[in-house]
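Asks: pasting the structure only:
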């Protein structure tokens, strides 16, 4: 008889069976004194924060709640990264700022993909508990509004929606009067010697940003010679990525809502899909799209037809 204790189907090297993985000796087991995974993440509070309201209970309401709670967590991280990127640009520290923006782009991809999960909710399933949302709506997400303010879509009227919450109102008001990420980009470019018009630099940052012909001309020069202005060129393209991702997120939001409730009004009082569709016309960085019309094709006579 063989003295080998291995089971017949055990791996000849690791001696582990295919249906079981033995715990290694070094794996921590004593959490009376040591910090556990659940304690570090405060999972007791997170996993007990879902409170379905439908009576009688409806199976699909948990999906709706978790979808929006996880979105808020990602928005919190996005705000963290955008705030840091803005501060780094103000300090002329471009490379770490680009790293922050790159992370924002990955967060955006995750948020966009989440719509595919909510899209599994059928109209009849949602109708079973939609009434219990009352006037609650994603439009009231203060973190989403903070992201838009941080990127430059400022609207003082939005503060009225949050008048009931003094702390949130104060945070949004602070962001309203702070330079946006794009404001800091333009200030950085001015410090690097690019001809940003003074009226753009000195504008009221609490107002929505509007395209300026002088800024379009400045970006045209940067795009005409990316080799000389590579940092500025890369920064501009990163911003275009962020805007493009944001528009894809808005579109997926619109189509998911349309798929689930059709032409019904939103629970927060908006017109629903028509209101969401108008958001597709918004832009954070208008000159970065205007410059694409300005750029001329390369000809045998030289780049941009030989013109500077």
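Replies: Everything's here; your move. What you see is a predicted model; the values in this text were computed from it and never measured.

Asks: and the strands in the stretch 201-308 of the chain?
Replies: Using DSSP state E, counting those that start in this stretch, the stretch 201-308 of the chain contains no strands.

Asks: ok, residue 178 - contacts?
Replies: For residue 178, the contacting residues are 86, 205, by Cβ atoms under 8 Å, 6 or more residues apart in numbering. Quick note: C-beta positions are derived from backbone N, CA and C, even for glycine.

Asks: which parts of stretch 249-269 are buried?
Replies: Buried residues in stretch 249-269, counting neighbours by 16 or more other Cβ atoms under 10 Å, are found at 249-254, 256-257, 260-261, 266-268.

Asks: pick out the most distant pair among the residues you listed.
Replies: Maximum pairwise distance in those, criterion Cβ to Cβ, is 20.8 Å, between 251 and 267.

Asks: so for stretch 172-179, mean pLDDT?
Replies: Regarding stretch 172-179, the rounded mean pLDDT is 97.

Asks: what are the buried residues along that stretch?
Replies: Buried-residue list, stretch 172-179, by 16+ other Cβ under 10 Å: 172, 175, 176, 178, 179.

Asks: name the spans of the stretch 1-150 of the chain whose pLDDT lies under the cut-off.
Replies: The model of the stretch 1-150 of the chain has pLDDT under 70 over residues 1-17.

Asks: related to what we said a few turns ago, narrow the buried residues of stretch 172-179 to those in strands?
Replies: Within those, no residue falls in strands by DSSP state E.

Asks: what's next to stretch 126-138, contact-wise?
Replies: So stretch 126-138 is contacted by 52-55, 58, 60-61, 64, 68, 144, 260-261, 266-270 (Cβ under 8 Å, 6+ apart).

Asks: ok now it, how far from the chain's centre?
Replies: Remark: stretch 126-138 is offset 24 Å from the chain centroid, using Cα atoms, centre = their mean, to the nearest Å.

Asks: which parts of it are buried?
Replies: The neighbour-count check on stretch 126-138 (16+ other Cβ under 10 Å) flags 126, 128, 129, 130, 133, 138 as buried.

Asks: picking up where we left off before, Serialize the buried residues of stretch 172-179 to JSON lines and add fields for distance to residue 93.
Replies: What follows is these, written out as JSON lines (distance: Cβ to Cβ, whole Å):
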{"residue": "172", "distance to residue 93": "26"}
{"residue": "175", "distance to residue 93": "21"}
{"residue": "176", "distance to residue 93": "25"}
{"residue": "178", "distance to residue 93": "18"}
{"residue": "179", "distance to residue 93": "16"}
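
Asks: now residue 294. Nearest residue, chain neighbours left out?
Replies: Nearest residue to residue 294, sequence neighbours excluded (Cβ to Cβ, 6 or more residues apart in numbering): residue 220, at 4.8 Å.

Asks: same check, this time on residue 139
Replies: Residue 139's closest residue in space is residue 268 (Cβ to Cβ, 6+ apart), at 4.5 Å.

Asks: do the same with residue 271
Replies: residue 265 (6.1 Å).

Asks: pretty sure the one you found contacts residue 275?
Replies: No: using Cβ atoms under 8 Å, residue 265 makes no contact with residue 275, being 9.1 Å away.

Asks: can you give me the helices for the chain?
Replies: Under the criterion DSSP state H, the chain contains helices at 37-41, 43-47, 61-90, 94-118, 123-127, 142-151, 166-176, 181-191, 198-201, 213-224, 230-261, 273-278, 286-294.

Asks: give me the distance from the second one to the chain's centre.
Replies: Here the centre of mass of C-alpha atoms in helix 43-47, compared against the chain's by Cα atoms, centre = their mean, lies 24 Å away.

Asks: quick one, grab the pLDDT at the residue nearest to residue 271.
Replies: pLDDT, residue 265: 85.

Asks: let me see the backbone angles for it.
Replies: Here is the backbone geometry of residue 265 (degrees, to the nearest 10): phi -70, psi 150.

Asks: from residue 242, how far out is it?
Replies: For residue 265, the distance to residue 242 equals 31 Å [Cβ to Cβ, to the nearest Å].
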